[in-house]
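Visitor: model this:
(2 chains)
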Number of protein chains: 2
Amino acid sequence: MPPRYEVIGVEGIGEVRPGDDVARLIVDAAGRQGTPVVRGDLLVVGQKILSKAEGRLVRLEEIAPSAVATGMAAGLGRDPRLVEVILRESRRVVRMDRGVLITETHHGWICANAGVDQSNVDPGCVALLPEDPDRSAQKVRDRIRALTGADVVVLIADTFGRPWREGLTNVAIGLAGFAPLKSYLGEHDPAGRPLQATILALADELAAAAEPVMGKLDRIPAAIVRGLALTPGEEGSKPLLRDPARDLFR
Amino acid sequence: MPPRYEVIGVEGIGEVRPGDDVARLIVDAAGRQGTPVVRGDLLVVGQKILSKAEGRLVRLEEIAPSAVATGMAAGLGRDPRLVEVILRESRRVVRMDRGVLITETHHGWICANAGVDQSNVDPGCVALLPEDPDRSAQKVRDRIRALTGADVVVLIADTFGRPWREGLTNVAIGLAGFAPLKSYLGEHDPAGRPLQATILALADELAAAAEPVMGKLDRIPAAIVRGLALTPGEEGSKPLLRDPARDLFR
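Guide: Below you'll find the model as predicted:
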C-alpha cells in the first residue's frame, strides 16, 4: 500500500467570540459535515479563531502610541497605534523598510507585524497571536480528548511571508502531541553515503498542506489531516525556532 | 461537502538513469500500486529523479577548481571541486559563513549550495538542479498526456532551508499548467474590510504537502495530489520569484 493521507476542511464553525470553546466548535462542525474527529487525526487550527476565543483583541482607539511608535509609523506610513501594538508584541525589530515592519515576537517567531492582523476582526480592532500557542494547542488537544475520547494532535497555524519567494505560506506557531522536525541525520542513502543536512520541518509542511482547504473567505478556520503516522513529542513548536547563533539572516 | 484532497506517494519507481522517461516511470508505478494517474491530478516530482534522467550529474574528479573556488573552499572547510560546481550553478553568492554557502541559482532560486546535492547519487558524483525546471515540468506534463490521455499539472520540488526556522521544507522550483500564487487582493473579509497582503504561495504549500509521503530513504520520488481545483496558468514557477527590488533580505 502506498503512503497516503487526506486533508479535510472543517466548515460551519461560524464566528468565534471571546470565551468560546474552540475544541467543541471544531468537534461539532466536523461531526455535522460527516467527518467526525477520530483518534490519530492532526487538527490544524487557524491562529485567528484561537486569538478571538482567548480574547487577544485590542481596540486601536484605546492605544496611546509612544513617541517611538509615532516616529516609526511616520517613516512606515502606518497608523501609530497599530505600530505601538506591534512593538508591544515584539522583542526585536528585524527589518523596517518600505512600509514593512518585520519583528521577532516574544515567542521567537519572525514575521511581518508581529502577527498582528486587522482582517476578519471587528472594525477598529486588531488580533494578536495567542500568548502561548503551544499551550493553546495543548488545551484544544486535552479538550477534544475530554469531549470525544479521541487522542488527537494539534497544530496552530498562521500565514507568514518569507524572504526571496513571493506569497505567504501557512506555518506552525504552536503544536501539541507530535515532534515538529523529522530527522534523517545519521541515516544513509541506498548507496550507503550519509544523507546531508536532512532535517525536515514536518510541522510547517503539514500547516502548509492544510491551507488549501482553509479559505480565508470561506470561513474554514480548521482542517483535519488524516492518515499520517506522526512521531509523538511533547516539546511543542520550540524545535522549529532556529538558534540565533546559527542563523545567517538575523 | 467540505473541501478535501488526498496525497498519495508513488512507490516502486526504482533507480533513475540518464535518458529515462520519468513520465512513463511514474505512470507505470502509479498504475501498479492501484492509483493510476487521472485527469486533474497534480503530480509532484522530486528534483533528483529529473536531474538524473536529464543527465545533470557531474563527476567531481573531472572538475578543476578555480583559484576563487579553492579560496572559498578553504574558508568553508569544503571540497574545492564541489565549491567550483556550486559557483558555476550560481549567479550570486548570498551568504558564505560557518561552512554554509547560500547562492542565487541561474534560475533565481536562493538556496544552499545552489541545489547541488551529493546524496542519492553515485559516489564521486553530484546532481545539479534541472537546467530549466519549468520546461522539465511541461515535458512531463505533455508526456503524461501522450501516454494516458490525462491532462494533469506538474510540480518539480526540492527541499530548501529558510532563515529563522529550523528544518527544510519542500518547495516548488518548476511547474506546468497551474498558477502558483493564489491571490485574495481586492477581496474583502466578511466584515467588508479589504484583506491585507493575502497572496498565498499555493505551489510551495502543495510541494510541502507532498513531502510527508516522499521519503528520502524509501525511494518515493513522486506523489499525486488529488482533489484540488487549481487555477490554470502557463507562467510556470516564475511568479514565485520575489522581485529583488522588493526583497528586504538580499
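Visitor: From here on, just use CA atoms for contacts and neighbour counts.
Guide: OK.
Visitor: quick one: contacts of stretch A:220-235?
Guide: Contacts to stretch A:220-235, defined as C-alpha atoms under 8 Å, 6 or more residues apart in numbering or on different chains, come from residues A:4-13, A:26, A:37, A:40-46, A:48-49, A:176-180, A:206, A:210, A:213-215.
Visitor: So which of those sit within strands?
Guide: In strands, defined here by DSSP state E, the members of the contacts of stretch A:220-235 are A:4-9, A:42-46, A:176-178.
Visitor: For those residues, give me TSV that also has neighbour count and pLDDT.
Guide: TSV is the format used below for these (neighbours: other C-alpha atoms under 10 Å in any protein chain shown; pLDDT from 0 to 100):
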residue	neighbour count	pLDDT
A:Arg4	20	97
A:Tyr5	20	98
A:Glu6	19	98
A:Val7	26	98
A:Ile8	24	98
A:Gly9	27	97
A:Leu42	28	98
A:Leu43	29	98
A:Val44	31	98
A:Val45	30	98
A:Gly46	26	97
A:Ala176	29	98
A:Gly177	22	98
A:Phe178	21	98
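Visitor: Keep only these that also lie close to chain B.
Guide: A:4-9 (C-alpha under 8 Å from any C-alpha of the partner chain).
Visitor: out of those, which one sits closest to A:Gly75?
Guide: Sorting those by how near they are to A:Gly75, with C-alpha to C-alpha, puts A:Gly9 at the top with 40.6 Å.
Visitor: Let me see the contact set for the residue nearest the centre of chain A.
Guide: Among the residues of chain A, the one closest to the centroid is A:Ala157, at 2.3 Å (C-alpha atoms, centre = their mean). Taking C-alpha under 8 Å, 6+ apart as the definition of contact, the neighbours of A:Ala157 are A:44-47, A:170-174, A:207.
Visitor: Can you report how many residues neighbour A:Leu168?
Guide: Neighbourhood size, A:Leu168 [other C-alpha atoms under 10 Å in any protein chain shown]: 22.
Visitor: And it, how far from chain B?
Guide: Plainly put, A:Leu168 is 5 Å away from chain B if you go by C-alpha to the nearest C-alpha, to the nearest Å.
Visitor: just A:Ala127 next, same as before
Guide: When C-alpha to the nearest C-alpha is applied, the distance between A:Ala127 and chain B equals 13 Å.
Visitor: State the phi and psi torsions of the nearest residue to that residue once chain neighbours are set aside.
Guide: On the basis of C-alpha to C-alpha, 6 or more residues apart in numbering or on different chains, the spatially nearest residue to A:Ala127 that is not a chain neighbour turns out to be A:Leu57, at 4.6 Å. For A:Leu57, the backbone dihedrals (degrees, to the nearest 10) come out as phi -120, psi 140.
Visitor: Provide a list of residues in contact with A:Leu57.
Guide: By C-alpha under 8 Å, 6+ apart, the residues touching A:Leu57 are A:51, A:125-128.
Visitor: So of the residues you listed, which two are at opposite extremes in space?
Guide: When those are compared pair by pair using C-alpha to C-alpha, the farthest-apart members prove to be A:Ser51 and A:Cys125, with a separation of 12.3 Å.
Visitor: Quick check on the two: which one has the bigger neighbour count.
Guide: Of the pair A:Ser51 and A:Cys125, A:Ser51 is the one with more neighbours under other C-alpha under 10 Å, namely 21 against 18.
Visitor: List the contacts of the more buried one.
Guide: For A:Ser51, the contact set (C-alpha under 8 Å, 6+ apart) comprises A:57, A:127-130.
Visitor: got the buried residues for the longest helix seen in chain A?
Guide: When chain A is scanned for its longest helix (criterion: DSSP state H), the result is helix A:133-148. Residues of helix A:133-148 classed as buried by neighbour count (16 or more other C-alpha atoms under 10 Å in any protein chain shown): A:133-134, A:136-145.
Visitor: what's A:Trp164 in contact with, if anything?
Guide: Applying C-alpha under 8 Å, 6+ apart, we find A:Trp164 in contact with B:109-110, B:241-242, B:244, B:247, B:249-250.
Visitor: Quick one, grab the pLDDT at it.
Guide: For A:Trp164, the pLDDT comes out at 96.
Visitor: phi, psi of it?
Guide: On the backbone of A:Trp164 - angles per degrees, to the nearest 10 - the values are phi 80, psi -30.
Visitor: Please apply the same query to the one 5 residues further on.
Guide: Backbone torsions for A:Thr169, taken as degrees, to the nearest 10, come to phi -130, psi 150.
Visitor: any idea how far A:Met1 is from A:Val213?
Guide: Remark: distance between A:Val213 and A:Met1 (C-alpha to C-alpha, to the nearest Å) = 25 Å.
Visitor: Comparing those two, which residue is more hemmed in?
Guide: When neighbours are counted by other C-alpha under 10 Å, A:Val213 and A:Met1 differ, and A:Val213 comes out ahead with 23 against 10.
Visitor: ok, and the closest non-adjacent residue to that one?
Guide: With sequence-adjacent residues excluded and distances taken as C-alpha to C-alpha, 6+ apart, A:Val213 is closest to A:Gly9, at 5.1 Å.
Visitor: nearest to B:Gly99, of the contacts of A:Ser51?
Guide: For those, the closest approach to B:Gly99 (C-alpha to C-alpha) belongs to A:Leu129, at 35.2 Å.
Visitor: hang on, the earlier thing: between the buried residues of helix A:133-148, which sits nearest B:Val152?
Guide: The shortest separation between B:Val152 and any of those is 37.2 Å, and it belongs to A:Ala137 (by C-alpha to C-alpha).
Visitor: can I see the domain layout of chain A?
Guide: Under automatic domain parsing, the residue ranges defining each domain of chain A are A:6-56+A:129-243, A:58-126.
Visitor: most neighbours per residue, which of those domains?
Guide: Scoring these by mean neighbour count under mean count of other C-alpha atoms under 10 Å in any protein chain shown gives domain A:6-56+A:129-243 as the most buried, with a mean of 21.
Visitor: What are the boundaries of the strands in chain A?
Guide: Listed from the start of the chain, chain A has strands (DSSP E) covering A:4-9, A:42-46, A:57-59, A:90-97, A:100-105, A:110-112, A:125-127, A:153-160, A:169-178, A:182-183, A:199-200, A:222-226, A:232-233.
Visitor: Same list (those strands) but as JSON lines, adding distance to A:Gly71.
Guide: Shown next, in JSON lines, are the strands of chain A (distance: least, C-alpha to C-alpha, whole Å):
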{"stretch": "strand A:4-9", "distance to A:Gly71": "43"}
{"stretch": "strand A:42-46", "distance to A:Gly71": "33"}
{"stretch": "strand A:57-59", "distance to A:Gly71": "21"}
{"stretch": "strand A:90-97", "distance to A:Gly71": "12"}
{"stretch": "strand A:100-105", "distance to A:Gly71": "13"}
{"stretch": "strand A:110-112", "distance to A:Gly71": "18"}
{"stretch": "strand A:125-127", "distance to A:Gly71": "21"}
{"stretch": "strand A:153-160", "distance to A:Gly71": "26"}
{"stretch": "strand A:169-178", "distance to A:Gly71": "30"}
{"stretch": "strand A:182-183", "distance to A:Gly71": "44"}
{"stretch": "strand A:199-200", "distance to A:Gly71": "41"}
{"stretch": "strand A:222-226", "distance to A:Gly71": "38"}
{"stretch": "strand A:232-233", "distance to A:Gly71": "44"}
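Visitor: Compare those strands and give me the one nearest B:Ser119.
Guide: Of all the strands of chain A, strand A:199-200 comes closest under C-alpha to C-alpha, at 13.7 Å.
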